[in-house]
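K.L.:
here are the coordinates; sequence isn't available:
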DNA sequence: CTCACTTTGTGCACCGGTTCACAAAAGGAC
DNA sequence: GTCCTTTTGTGAACCGGTGCACAAAGTGAG
């Protein structure tokens, strides 16, 4: 039984699609600034660095917002994607850990831009507490639960040392937060229902190193030979 | 050099596996520090936050390094994964863009730890050039090609403003670099054969917001009831 | 109106990756 | 040696996502 209407829309936008929507949104904003009224899937796909069939399928998950023979209305699509991503509301974000990285995040412009507002900075170091960064007063980690409650924080960014991250995560979750962006190089364990996204600089570098090694190996002829001449001598 | 080629090992470790190897490596290092000699796939999987079948399949792509009934030798596995990732050699990394983020990256400890060495900091701003950060002298972007050549830089980290990123990327690629870690919120276009990894803070937040919205929608009132746009037929 | 052209939305085949479940291998007890 | 326990390595089913290719839907000209 196939339900038409927006059956695809309600339940379950594919995770891969969700991850690309912000990309489309950014490209669309650029186009809106340049005054474009409509855009074809082909052009938008190029701007976002994906292929056009994928883009159309992604957008079709939100609903049927294009016009055949014409394309998509830029402003309208911006609105729809923003709404889908929840950017039409205001999200209060707390950053825990005001070291180099936390400081950078607090000052990062694009961070605050759309729908997000850094509502609190917290740290355990008494030397840092009281500092003013990006227009905010750094508060002591003891205030964590109170700050989360008072300011309606719903997303927490962890920029603490690895050793402190799990402990802070536990407190944050206990305080009712269910969305965490983790920069600490540890695997956090959290209860069902809490979303964690992880950004790990050192892992990214290691992945690059793997491919880089492979490329230079190939140059120098070793493993490239092996590829063309599947060895009979096995281990 | 004579290579033993256990069937799966010859060229082509799945990308998803490569992305997890650093995770295993980190967990293994922790275990080595605590003095464990061997570890089962189950225990290592828990420490790395994956399921054990996946871990075994991942490791099997490197070769058959486990012992049935026993598990894996911690030190040996560390060595094998390090070698596979190319961490047994020394990678010279240049960071372009010494704003808040670039500074944070330069000082980030875990960054430098294993196999990676920040060999250069570059910026276009004359006020920043000449500063000493993390023991390095900030050089002018004009020196980019010379620095890359002289110091054998093979991985470049882009922490520039969005507007400058593509331009720098072009120069970096022209100078022979084929691995880029991009923090600027733009889609870079580079020739075939150049690997780019992208870290985008704002995208991560937007993905979290999507899920957070969905969770709170579910709490309040019905399942995202008719969140259609204001007008049913407009536009 | 019809015809030519553009561009969306999607059915379908395909592919990489995940998970299950189990045979094969290793070690220890006797 | 045999038997029992543990744990790896992997075949095979499954699943989510991608990309092709095309019918459907729209525009515009005549």
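P.N.:
All right, it came through fine. All values derive from a computational prediction rather than experimental measurement.
K.L.:
where in chain A is pLDDT low?
P.N.:
For chain A, the stretches with pLDDT under 70 are A:1-11, A:110-113, A:220-235.
K.L.:
ranges for the strands of it?
P.N.:
Using DSSP state E, the strands found in chain A span residues A:38-39, A:66-67, A:71-73, A:91-96, A:116-123, A:132-133, A:136-140, A:153-158, A:179-182, A:195-198.
K.L.:
just checking: what are the partner strands of the fourth one?
P.N.:
Based on DSSP bridges, the strands next to strand A:91-96 in the sheet, each with its direction, are strand A:116-123 (parallel), strand A:153-158 (parallel).
K.L.:
dump these to JSON lines, plus mean neighbour count and distance to residue A:186.
P.N.:
Just so you know, the C-beta spots here come from the backbone N, C-alpha and C atoms, and that holds for glycine as well. Compiled in JSON lines, those are given as follows (neighbours: other CB atoms under 10 Å in any protein chain shown; distance: least, CB to CB, whole Å):
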{"stretch": "strand A:116-123", "mean neighbour count": "21", "distance to residue A:186": "18"}
{"stretch": "strand A:153-158", "mean neighbour count": "25", "distance to residue A:186": "9"}
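K.L.:
DNA strand D is nearest to which of the strands of chain A?
P.N.:
Ranking these by proximity to DNA strand D (CB to the nearest atom of the strand) places strand A:66-67 first, at 5.3 Å.
K.L.:
residues in contact with the closest one?
P.N.:
The contact list for strand A:66-67, computed with CB atoms under 8 Å, 6 or more residues apart in numbering or on different chains, reads A:38, A:41, A:56, A:59, A:72, A:73.
K.L.:
does DNA strand C have contacts with that strand?
P.N.:
Yes: using CB under 7 Å from any atom of the strand, strand A:66-67 reaches DNA strand C at A:66, A:67.
K.L.:
re earlier: can you tell which of the strands of chain A is closest to residue B:217?
P.N.:
Among the strands of chain A, the nearest to residue B:217 by CB to CB is strand A:153-158 (12.9 Å).
K.L.:
hang on, the earlier thing: DNA strand C next: which of the contacts of strand A:66-67 are close?
P.N.:
Within the contacts of strand A:66-67, those near DNA strand C by CB under 7 Å from any atom of the strand are A:41, A:56, A:59, A:72.
K.L.:
so how many other residues sit close to the first one?
P.N.:
What it means is residue A:41. A count of nearby residues for residue A:41, using other CB atoms under 10 Å in any protein chain shown, gives 20.
K.L.:
okay, now residue A:88: neighbour count?
P.N.:
Neighbours of residue A:88 using other CB under 10 Å come to 12.
K.L.:
I'd say it and residue A:82 touch.
P.N.:
Yes: contact criterion CB atoms under 8 Å: residue A:88 and residue A:82 qualify, at 5.5 Å.
K.L.:
find residues that contact each of those two.
P.N.:
By CB under 8 Å, 6+ apart, residue A:88 and residue A:82 have these common neighbours: residue A:115.
K.L.:
about what we covered before: from the contacts of strand A:66-67, which is closest to residue B:147?
P.N.:
residue A:41 (41.5 Å).
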